[in-house]
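In: give me a 3D structure for the following:
(chains A, B and C)
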Amino acid sequence: MTLNVSNLTVHHGAICAINHVSLEVPTGKLAAIIGSNGAGKTTLLRTLSGLNKPTTGEIRWMGESITGVKAENLVRKGISHVSEGKSVVPELSVRENLLLGAIWRRDKKEAKQSLEEVISIFPRLGERIEQRSDTLSGGERQMLAIGRAIMAKPKLLLLDEPSLGLAPLVVEQIFQSIRDLAKTMNLTVLLVEQNAMGALKIADLGIVLNLGKVVAANQAQALIDDPAVRAAYLGY
Amino acid sequence: MIQLLNTLLIGITSGGIYALMAISMVLVWRSTRVINFAQAGMALLSTYFGYEAMVNFDSFWIALPVAMAGGALFAAIIEVVFMRLLVKHSSSGPIASVAPIIATLGLLGIIRAVVSMIWGGQDVRITGPLSNDGFSVGGETLVFSPLKLLILVSVIVLMLMLSILFQKTNIGLALRASAYAPEIARLSGVKVDLVRTMGWALAGAAGAVAGMFQTVNGNGTLSPDSIEFSLLLVSGFIAAVIGGLESLVGAVIGGLLLGILISFVLMYVSSALFFIAPFIILLAVLFIRPQGIIGAKAGRRA
Amino acid sequence: MVDELRVYQGASIAVYVVAISSIILLTGYSGQVSLGNGALMAVGAYAAAVAHISWHLPIVACFFVAVIAAALGGALLGAAAARLSGPYLAGTTLALAIGLPSLANQFSILGGEQGLLFDVGFPPLSLGEDFTQYKWFFWIAALATLIMMWLLQNILRSRYGRTWRAGRGNEVAAQLSGINTGRSKILAFTLSAGLAGLAGAMLSMTIGTVSPSAFPLALSFSLLTGAVLSGVTTLSGVMIGAVTLVAIPEVADVVAHKLGTSESVTTNLPGLMVSALLIVTVLFVPNGPVEQHRARTAKKMAAKNK
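Out: Model prediction:
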């Protein structure tokens, strides 16, 4: 049950954002996707979750091809995407945002349990459960976004820059939480990050994108030790 | 004193009908971010469906659901065919922001013309289920009648039902999420296109009720050129604006306020102002509190 | 010997040219959708008629009165609507279009439901016997139109025109550039209304009376359609819209006769055609055929030069 991407090409109009990308993420592994701005990281996630349509190439998940399947249908196949920019619905309460995540699920009892699970992972959400989500702090909103994604009972979690705009201490917490829940729930995770070091430290694998192409893919630790990667993305 | 009471009650009843129109406009706005000027036209058409049902079954209580179902279906079809066409062809250029407005106005014109073509030559009447003779209170006859009471109660019941739908059900959550944040809704597995169509269907049903009540509350005649229709057209929009366009509660308050205001203007100022009163009230509201009584956060830009 | 009907239609075209220009000025140049120009035409028409009947002014003066009265109305409307845009403005003017003409029913000086007579009299004898009254109407209308269009072109090329175009594109940016968008909006409304008033007076001249039934909501719809057909952003296509609007009832008549339709279908066919045309045009040819052609030619040139 791997995530398998072969020869994926995605265009934004005339611009090629993803250029013949192939990658593979085994089940239960956390892959950090790093690269500079405009490298195509967000486009990659959006194509995997069905928001963008690929021009060519194939995506396989859980043994079947999901290329070109629409986003609202991919959720049912266990793919949850937390898009960039703290994707919560500001007008809805914390509870409603979480329930939104579970809205497609038929198993009402287990959905309730999921809610309690999310609150135990992110207790702050429990404290604010009835509040409108635009009253939450940046870090809390990110937790809510991730919590909503968890409520959909995913097997593949796509996270787009969860650390963006957050204070360093909060970033630590978020990364730790991601690591923990990935392990506990045996999730396959693709973590897109500008914060390359933070992401690689919690990851099993690392993939470096530049200008729409994969320029490096290896065990996370290997990338951390790689001088070229260090110079370009890790700052030392 | 009696006159005051009468004026108030008349106003509340008409206001309830305007509230229903406003609700349908708010529903459309919230699900697709479009102000649909054709809403009153759709309500008109639905009322004609109700008329046909009256002709065949001679019962208001059958005609009303028929009108609602017809209205919902028609609205859904319009959403799928017309609105998606609109989005696909959203142009660039100076007319881009006003193109949806113009398109819905065109739709209004088409509906009016077609309705006149099909039913134009006939004398179309709908009789209400209850008497419109006023209640007798202590020897005086009010204008308020069993029919008007029914209208008022129905509006309240409908509003409550819609509130429950939106706040307490999964479908309501999907409707709201699709309106506020369609991409997040999609990523949660919500079929946003389908949900939007549902929003329009609900609006169509609400409009149908407004059209039916507006007809039986007046003299029972139905026609695209009638005063009643023009009022419905204009008041739905005004009531929605007064209420701020974002909330159903606001729509109801807007409708009631408008109905009461118009009623008082007609009774105590001058009946000559009948047609211009809605315009003046609208201007006054937009001047004093541009975001409406309940208020939306966004400004008055399209 | 030109058919009287064609002369009458010629005069109608002139009326529509001025009326549609009023919409183009408002919508195309300053980006506002107003449905009130039909009502403003009524204001102009009534003003002209009252000036003629009560004060016995000559025709030219009556037209002036029409323009000024309507312009005043437009200024008021503009001031009131200054804070509105988009659908709010459209809805407000919709309410105005429905409400204003029927005000005339209430005041006897405005003739009530039957309205007032507006008789500009017969052409001077020096023009000969063959010069019918309709020809007289036509020439007055044509002259007024030409003068107006010339004036309008100059205004649009002036800094006011540029100001409006700036405000239309991006109001915030325009304001930041120091343009008083509120004031320029009011100016646009005023000028547009003046044009509409003139068109209203011209319309009344050709039909000989002024009454509320001459200015229904459908008129505002027709004007909007004519403007979109002409190409809302430019005056060059105005004739297209005007001719189409005058042609539609004729075409509808022919179609109705060929199909042998009932009366209710026949009376409503023009309205249906206008609305359908409006939708089709705004979706597929939103900037008007003139602009569309320009854009296509420009694209071709660019492709050639690559």
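
In: buried residues in the helix or strand harbouring residue C:156?
Out: Per DSSP states H and E: residue C:156 is located in helix C:133-157. Neighbour-count burial for helix C:133-157, counted by 16 or more other Cβ atoms under 10 Å in any protein chain shown, picks out C:133-142, C:144-145, C:148-149, C:152, C:155-156. The way it works is simple: take the backbone N, C-alpha and C, and place the C-beta from them, glycine included.

In: so which of those also contact chain B?
Out: Among the buried residues of helix C:133-157, proximity to chain B is found for none (Cβ under 8 Å from any Cβ of the partner chain).

In: need the contact list for residue A:79.
Out: When contacts are counted by Cβ atoms under 8 Å, 6 or more residues apart in numbering or on different chains, residue A:79 touches A:48-50, A:61, A:66, A:154-156, A:158.

In: rerun that using 6 Å as the cut-off
Out: A:49, A:156 (Cβ atoms under 6 Å, 6 or more residues apart in numbering or on different chains).

In: quick one: it from chain C, how far?
Out: Distance, residue A:79 to chain C, by Cβ to the nearest Cβ, to the nearest Å: 36 Å.

In: bridging residues for that residue?
Out: residue A:156 (DSSP bridges).

In: mind checking how far it is from residue A:66?
Out: 8 Å (Cβ to Cβ, to the nearest Å).

In: ok, now how distant is residue B:244 from chain C?
Out: Distance of residue B:244 to chain C, computed by Cβ to the nearest Cβ: 12 Å.

In: apologies, that question was intended for residue B:48.
Out: Taking Cβ to the nearest Cβ, one finds residue B:48 at 13 Å from chain C.

In: what about that residue, which helix or strand?
Out: helix B:39-57.

In: so which residues on the stretch 201-306 of chain C come close to chain B?
Out: C:221, C:232-233, C:264-265, C:268, C:271-272, C:275-276, C:278-279, C:282-283, C:286-287 (Cβ under 6 Å from any Cβ of the partner chain).

In: try 7 Å this time
Out: C:221, C:224, C:228, C:232-233, C:262-265, C:268, C:271-272, C:274-276, C:278-279, C:282-284, C:286-287 (Cβ under 7 Å from any Cβ of the partner chain).

In: now, of the residues you listed, which are buried?
Out: Using 16+ other Cβ under 10 Å as the burial test, those include C:221, C:224, C:228, C:232-233, C:264-265, C:268, C:271-272, C:274-276, C:278-279, C:282-283, C:286-287 as buried.

In: contacting residues for residue A:189?
Out: Residue A:189 makes contacts with A:30-31, A:157, A:159, A:178, A:182, as judged by Cβ atoms under 7 Å, 6 or more residues apart in numbering or on different chains.

In: again, 6 Å this time
Out: Per Cβ under 6 Å, 6+ apart, neighbours of residue A:189: A:30, A:157, A:182.

In: out of these, who's nearest chain C?
Out: residue A:157 (39.6 Å; Cβ to the nearest Cβ).

In: quick check: the closest one touching residue A:80?
Out: Yes - taking contacts as Cβ atoms under 6 Å, residue A:157 lies within contact range of residue A:80: 5.4 Å.

In: list residues touching both of those two?
Out: By Cβ under 6 Å, 6+ apart, no residue touches both residue A:157 and residue A:80.

In: re earlier: just the ones of the residues of the stretch 201-306 of chain C next to chain B in strands?
Out: Among these, no member is found in strands (DSSP state E).

In: what is the burial count for the closest residue in space to residue B:7 that isn't next to it in sequence?
Out: Excluding its sequence neighbours, the residue lying closest to residue B:7 (Cβ to Cβ, 6 or more residues apart in numbering or on different chains) is residue B:267, at 4.5 Å. Residues lying near residue B:267 (other Cβ atoms under 10 Å in any protein chain shown) number 16.

In: is it true that residue B:267 touches residue B:8?
Out: No - counting by Cβ under 6 Å, residue B:267 stays clear of residue B:8, with 9.7 Å between them.

In: now residue C:24. Nearest residue, chain neighbours left out?
Out: Counting by Cβ to Cβ, 6+ apart, residue C:24 lies nearest to residue C:227, which is 5.3 Å off, once chain neighbours are set aside.

In: per-residue pLDDT of the one you found, please?
Out: In this model, residue C:227 is scored at 86, pLDDT.

In: residue contacts, it?
Out: Applying Cβ under 6 Å, 6+ apart, the residues contacting residue C:227 are C:20, C:23-24.

In: again, 10 Å this time
Out: Neighbouring residues of residue C:227 by Cβ atoms under 10 Å, 6 or more residues apart in numbering or on different chains: B:95, B:102, C:19-28, C:33, C:37, C:233, C:237-238, C:241, C:278, C:281, C:288.

In: now, which of those lie within strands?
Out: Assigned to strands by DSSP E, none of the contacts of residue C:227 qualify.

In: of those, grab the buried ones for PyMOL.
Out: PyMOL command restricting those to the buried ones, with burial defined by 16+ other Cβ under 10 Å:
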select buried, (chain B and resi 95+102) or (chain C and resi 19+20+21+22+23+24+25+26+27+28+33+37+233+237+238+241+278+281+288)
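
In: out of the contacts of residue C:227, list just those in helices.
Out: Of the positions in the contacts of residue C:227, B:102, C:19-23, C:37, C:238, C:241, C:278, C:281, C:288 sit in helices, assigned by DSSP state H.

In: dump those into TSV; add pLDDT as well.
Out: Shown next, in TSV, are these (pLDDT from 0 to 100):
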residue	pLDDT
B:102	82
C:19	92
C:20	91
C:21	89
C:22	90
C:23	88
C:37	90
C:238	84
C:241	85
C:278	86
C:281	84
C:288	69
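
In: near chain A, from these?
Out: Counting by Cβ under 10 Å from any Cβ of the partner chain, nothing from the ones in helices among the contacts of residue C:227 sits close to chain A.

In: which of those lies closest to residue B:250?
Out: Nearest to residue B:250 among these, counting by Cβ to Cβ, is residue B:102 at 26.3 Å.

In: look up how far chain C lies from that closest one.
Out: Residue B:102 is 5 Å from chain C, by Cβ to the nearest Cβ.

In: that residue contacts residue C:224, doesn't it?
Out: Yes - counting by Cβ atoms under 10 Å, residue B:102 does reach residue C:224; the two are 6.5 Å apart.

In: overlap in contacts of those two?
Out: What both residue B:102 and residue C:224 touch, as defined by Cβ under 10 Å, 6+ apart, is the set C:27, C:33, C:90, C:232, C:278, C:282.

In: of these, which one scores lowest on pLDDT?
Out: residue C:232 (72).

In: wait, that one touches residue C:31, no?
Out: Yes - at 9.3 Å, residue C:232 and residue C:31 qualify as touching, with contact defined as Cβ under 10 Å.

In: now for residue B:173: which residues touch it?
Out: Contacts of residue B:173 (Cβ under 10 Å, 6+ apart): A:89, A:92, A:96-97, A:99-100, A:103, B:166-167, B:185, B:188, B:190.

In: then it would be within a helix, right?
Out: Yes - the assignment for residue B:173 is a helix, going by DSSP: H, G, I helix; E, B strand; the rest coil.

In: report all helices and strands that the host helix or strand of residue B:66 contacts.
Out: Assigned by DSSP H and E, residue B:66 falls within helix B:60-78. With contacts taken as 3 or more Cβ pairs under 10 Å, 6 or more residues apart in numbering or on different chains; DSSP states H and E, helix B:60-78 sits against helix B:2-32, helix B:39-57, helix B:99-119, helix B:192-217.

In: could you list the low-pLDDT ranges of the stretch 151-300 of chain C?
Out: Along the stretch 151-300 of chain C, the model assigns pLDDT under 70 to residues C:160, C:163-182, C:233, C:287-288, C:291.

In: again with chain B
Out: B:90-97, B:121, B:135-142, B:271-272, B:289-302.

In: nearest to chain A within it, name that residue for me.
Out: With Cβ to the nearest Cβ, the shortest gap between chain B and chain A falls at residue B:189, namely 3.4 Å.

In: for that residue, which three-state class applies?
Out: coil.
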